[in-house]
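Visitor: what follows is a predicted protein model with its sequence.
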Amino acid sequence: MRTLLTGLNVLIVGLVVTTVSAAAQDEVAALLKREIIGGELPLAEVQRYVESRVPTPRAWATAAQWQAEAERLRQAVLDRVVFGGEAARWRDAETKVQWLEVIEGGPGYRIKKLRYEALPGMWIPALLYEPDRLAGSVPVVLNVNGHTALGKQYPPKQLRCINQVKRGMLALNVEWLGMGQLNTAGFSHTRMNQLDLCGASGLAPFYLAMKRGLDVLLSLENADPDRVAVTGLSGGGWQTIVLSALDTRVTLTNPVAGYSSFLTRTRHYKDLGDSEQTPNDLATLVDYTHLTAMMAPRATLLTYNAKDECCFESGYALQPLRDAAQPVFRLFGKEDALRWHVNEQPGTHNFEVDNRQALYRMFGDFFFAGNADFDAREIPSDGEVKTAEQLHVDLPAPNEDFHTLALALSQDLPRAGDRPQDPIAADRWQSELRMQLREVVRAKDYRVIATVADRETQSGVEAIFWRLLMDSDWTLPVVELARPGAEKTAILVTDGGRATAAAAATKLLSDGYRVLAVDPFYVGEARSRQSGWLFTLLVAAVGDRALGLQASQVSAAARWAAERHGDPVTLVTIGPRASVFGLVAAALETKAIAAVELHQSLGSLKEVLERNWSVTEAPELFCFGLLECCDIRQLTALAAPRPVRTIAPNGQ
């Protein structure tokens with residue numbers, strides 16, 4: 001089968017079957033599997049790369065100077081990270097609230113069920129714990145939860161809400177995206193990146209779910225705007241510091257075992273957070289150390305656990321945050337407003353009674369100062385904990401989630417349209433779109449320093465094992481294979497790395513090619529064996545993109561090979577991931593890449609959404625704004641007039 005797509009330089013051909021001796025293929029396989037850079041170097045390089053780019057807090061002379069800087073950072077994070085791209089449209093939507101039934105709570109309080117829209121069509125279930133008798137202004141507390149399927153029903157969360165309401169406070173217990181009633185595939189945190197692909201910040205729904213909850217609390221008649229608290233465990237601790245740092249309506253914050261510096265995370269792998277905790281470009285502006293300092297001079301309690309089996313152990317996570325925040329609180333003369341608590345018993349990942357009582361002490365000092373009757377000891381309330389069924393809040397069906405939002409956004413993408421037929425207009429279209437693509441993928445123009453690690457000849461095939469150093473940042477392992485007389489050069493990249501490419505390499509050799517099997521960033525031997533996909537998120541957080549690194553490295557390898565051998569190369573890719581970064585490389589490198597051959601390529605980036613992939617499956621394909629800029633069709637058109645062949649498209 002052979003089909004020419006009108007207006008594009010694309011051939012889709014049937015799978016070519018060539019008989020190659022098993023012995024020859026086995027010999028090639030052994031050469032391709034040879035270790036060149038080792039298992040430790042990819043991890044060390046990505047650690048160094050990230051650490052060199054994470055911003056560190058600077059010293060400030062006066063509180064006024066810091067306040068101006070904090071406000072600048074706050075606005076920049078909101079504009080460029082939280083509400084980046086199309087997500088800005090959700091920012092100013094009206095907070096819609098629907099109050100539902102009221103159920104009996106316990107002695108002295110009731111529980112009001114409600115739901116509110118985080119953004120149009122995305123409803124959040126919540127519970128308001130309200131004293132039976134309310135008079136005057138009272139403190140309000142937004143209680144968020146972390147990664148537990150129990151969600152808002154999580155007993156320790158209920159107990160702290162109950163203890164707050166029994167002290168005369170208004171406590172809002174909100175469901176977190178992906179947990180409790182929102183524990184669905186479409187709300188999986190690793191699918192928020194589908195929104196990123198479409199050019200809308202996947203962080204926005206998380207932030208708006210928190211911000212709208214605060215809106216609900218402060219709309220209540222008895223809410224005291226001077227006594228507003230947020231607290232939560234684990235992912236709830238992350239929510240707590242992010243909302244509190246960016247929304248100055250919060251006057252007291254207590255994140256519990258919820259976050260650490262990006263610099264801490266590069267060395268303590270269990271701290272590497274989910275997608276929402278490592279959003280695109282955050283670390284181009286702030287680290288979590290900055291977010292902590294941005295609480296000054298507001299009351300802040302940092303709670304950590306001494307033997308935390310999950311993450312954020314006190315022994316390493318707490319001190320960098322204190323070091324960043326204490327000087328800033330000192331500028332305001334509010335050293336006592338920054339406090340910390342380390343839980344020793346049980347010391348595991350928890351928000352149990354010891355940690356809750358530390359919070360109650362903060363309430364006593366900052367919300368009930370001078371009240372001699374305030375008691376920070378936990379009020380026993382175990383018998384008042386409700387079941388999930390009792391706390392269930394009806395939600396509209398369907399309810400928007402990351403996946404449905406992304407599918408809707410993708411309908412009008414990409415925005416570039418097709419390449420014009422008129423040659424002058426086509427050249428302008430290519431030039432403008434190529435510049436846009438470079439920015440989207442954060443492309444680099446790497447210089448290559450090549451060194452030979454080893455050489456070997458087997459059955460007439462000469463193998464050279466190369467290390468290609470790219471701007472002192474990355475080392476690419478390359479196996480060059482050639483038979484005598486080879487005059488053409490092919491660069492071969494595959495989803496599974498060069499060790500899986502024996503059949504393709506053997507076929508290319510038999511066709512007279514010199515083959516350079518390359519493993520770029522996060523592929524094959526160049527893939528970190530430790531928390532690999534999480535490090536791709538860190539790379540995006542410091543302002544780069546895994547896709548851009550891969551495409552830039554392939555482009556640099558092509559330039560090096562073309563210069564070394566005297567002619568442009570053919571780029572051969574196998575797999576949907578390699579085909580996308582290969583096409584990006586060809587779109588941007590117009591001289592060294594003469595032709596492209598795609599095996600098992602996606603027909604459209606929209607297939608990523610239609611198949612409901614998560615970022616764990618193909619991190620580079622969730623490059624922010626890629627589909628908004630270009631689909632496969634546009635990437636292919638950017639390679640024109642060079643030929644692009646698609647062989648055995650993915651799924652066919």
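Guide: It's in. Since the model is a prediction, treat every value here as computed from it, not as a measurement. Numbering: from 1, shown residues only.

Visitor: lowest-pLDDT helix or strand in the protein?
Guide: strand 2-4 (a mean of 35; mean pLDDT, DSSP states H and E).

Visitor: ok, Thr475 touching Ala453?
Guide: No. With contact defined as C-beta atoms under 8 Å, Thr475 does not reach Ala453; the gap is 10.2 Å. Heads up, the C-betas are built off the backbone N, CA and C, glycines and all.

Visitor: so between those two, which is more surrounded?
Guide: Higher neighbour count among Thr475 and Ala453: Thr475, with 22 against 15, using other C-beta atoms under 10 Å.

Visitor: on that earlier part again, shared neighbours of Thr475 and Ala453, which are they?
Guide: Counting by C-beta atoms under 8 Å, 6 or more residues apart in numbering, the contacts common to Thr475 and Ala453 are Arg467.

Visitor: all helices for the stretch 451-600 of the chain, in order.
Guide: 502-510, 532-541, 546-565, 576-588 (DSSP state H, counting those that start in this stretch).

Visitor: what's the mean pLDDT across the second one?
Guide: Spelled out, it's helix 532-541. For helix 532-541, mean pLDDT is 96.

Visitor: on that earlier part again, tell me the most buried of the helices of the stretch 451-600 of the chain?
Guide: helix 576-588 (a mean of 28; mean count of other C-beta atoms under 10 Å).

Visitor: part of a helix, is Pro398?
Guide: No. The assignment for Pro398, made by DSSP: H, G, I helix; E, B strand; the rest coil, is coil rather than a helix.

Visitor: check the secondary structure at the residue lying closest to it once chain neighbours are set aside for me.
Guide: Among residues not flanking Pro398 along the chain, Thr404 sits closest, at 7.0 Å (C-beta to C-beta, 6 or more residues apart in numbering). Three-state assignment for Thr404 (three-state DSSP): helix.

Visitor: my read: Thr404 touches Ala397, true?
Guide: No. Contact between Thr404 and Ala397 fails when scored by C-beta under 8 Å: they sit 11.8 Å apart.

Visitor: comparing those two, which residue is more hemmed in?
Guide: The residue with more neighbours, out of Thr404 and Ala397, is Thr404; 16 against 6, by other C-beta under 10 Å.

Visitor: how close does that one get to Thr190?
Guide: Look at Thr404 and Thr190: by C-beta to C-beta, to the nearest Å, they are 16 Å apart.

Visitor: now swap in Leu159 and tell me
Guide: 30 Å.

Visitor: now the residue nearest to Pro398: how far from Leu177?
Guide: Distance from Thr404 to Leu177, by C-beta to C-beta: 13 Å.

Visitor: can you check Cys311 too?
Guide: 19 Å.

Visitor: do Leu246 as well
Guide: Taking C-beta to C-beta, one finds Leu246 at 17 Å from Leu177.

Visitor: what sits against the spatially most central residue of the chain?
Guide: The residue lying closest to the centre of the chain (C-alpha atoms, centre = their mean) is Ser275, at 3.2 Å. When contacts are counted by C-beta under 8 Å, 6+ apart, Ser275 touches His189, Thr190, Met192, Asn193, Gly202, Leu537, Val615.
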